[in-house]
Each structure stands twice: as C-alpha cells, then as structure tokens.
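[1] Generate coordinates for the sequence data below:
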Amino acid sequence: MVVNLLRERYRVDLVELQAACEANYARLMRLLPDMREHTQSRRVALSQGEHLLGILALDVLESCPYTTTLCVRQEHSLPWLPVPQLQVRVYHDARMAEVVSAENARRLHIRYPYPNAAMHQPDEKSQLNLFLGEWLSHCLACGHEPQPVM
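    Predicted coordinates:
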C-alpha cells in the first residue's frame with residue numbers, strides 16, 4: 001500500500017479573504033467613522049466587572065484620498081498575554097480593510113511555502129484577517145469608552 005506523504009499545496013480562497021476584508025472595513029467604520037477626515041485615535045476598553053482586561057487602541061498612521069493606514073494594538077493587557085499589534089490598510093473605494101503587517105512581519109504574502117525559515121503558516125494572511133475580525137467584533141459587542149482616572 002502506497003501512502004501519499006505530500007500535502008496538497010495551499011490555495012488561497014479569495015472569496016473568503018475578500019469577505020473577511022469587507023467585514024473588517026464595516027467593523028472599523030463603526031469604531032472609527034471619521035478616519036478619512038481627521039487623523040485621530042480611539043480607545044475601547046474591555047473589562048470584566050471592576051477589572052480592566054485591556055484597551056483596544058486604533059491610531060491613524062496615514063490618511064490618503066482613497067486609503068487610510070491604521071495601527072491596531074492592545075494596551076494595558078494582562079501581563080501573561082502576548083500584546084498583538086497589527087497594521088491595517090483601509091481601502092475606502094473598495095470598502096475593504098486588510099492586515100498588511102503584524103508584530104515584526106512586514107509586507108505579508110498571500111501564501112507562504114511550508115516549511116519556511118520564518119515559520120509562517122501557509123495561510124498566515126488569511127488567519128490574521130480573521131483574527132482582526134474576531135477582535136473587532138468582540139470590542140464592538142463588549143467594549144466601552146475608558147473611564148478617566150481621577
């Protein structure tokens with residue numbers, strides 16, 4: 001009996017990726033509706049009872065007529081959690097938002113060979129866009145404006 005040990009090459013599901021990017025655009029526009037007109041920032045606090053779990057920070061890095069680049073990161077996180085930081089490009093004409101870099105990885109590729117020296121997953125870009133969507137959805141559902149410290 002011959003066993004095929006080769007894995008099938010990863011194929012990008014463009015429909016799924018575009019749907020995730022369109023949904024991320026809609027979520028970001030709810031969180032930062034005036035990003036095109038003003039260079040601005042927004043903080044959304046996540047807490048459980050009296051305990052602050054973290055703050056979602058949205059900062060406009062660059063604003064152009066058809067695109068906006070944002071830094072999306074976690075502030076005041078729990079000490080044992082890794083702190084995510086993503087750079088997101090928002091395409092206003094296409095109504096899409098995609099992750100263009102994460103942590104130290106610049107210029108994400110749509111597909112990576114596997115294995116690779118940087119240990120990227122073959123579908124890393126798709127995973128990061130889905131992660132951004134889940135993160136923004138959670139903040140929209142459970143977030144609130146941070147209370148000022150007195």
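[2] okay, which residue is most central for the chain?
    Centroid check for the chain by Cα atoms, centre = their mean gives residue 132 as the closest residue, at 3.2 Å.
[3] just checking, it touches residue 101?
    No - using Cβ atoms under 8 Å, residue 132 is not in contact with residue 101; the gap is 12.0 Å. C-beta coordinates here come from the backbone N, C-alpha and C atoms, glycine included.
[4] Can you check which residues contact both of those two?
    Jointly contacting residue 132 and residue 101 under the rule Cβ atoms under 8 Å, 6 or more residues apart in numbering are residue 86.
[5] Tell me how many other residues surround residue 21.
    Using other Cβ atoms under 10 Å, residue 21 has 22 neighbouring residues.
[6] Please identify the longest strand in this protein, counting by residues.
    Longest strand of the chain, by residue count under DSSP state E: strand 51-63.
[7] any residues touching it, and which ones?
    28, 31-32, 35-36, 38-47, 68-78, 81, 87, 135, 139, 143, 146.
[8] If you count neighbours, what's buried in that strand?
    By neighbour count on 16 or more other Cβ atoms under 10 Å, the buried set for strand 51-63 is 52, 54, 55, 56, 57, 58, 60, 63.
[9] What does the pLDDT read for the fourth one?
    Which is residue 56. On pLDDT, residue 56 comes in at 91.
[10] All set now, cheers.
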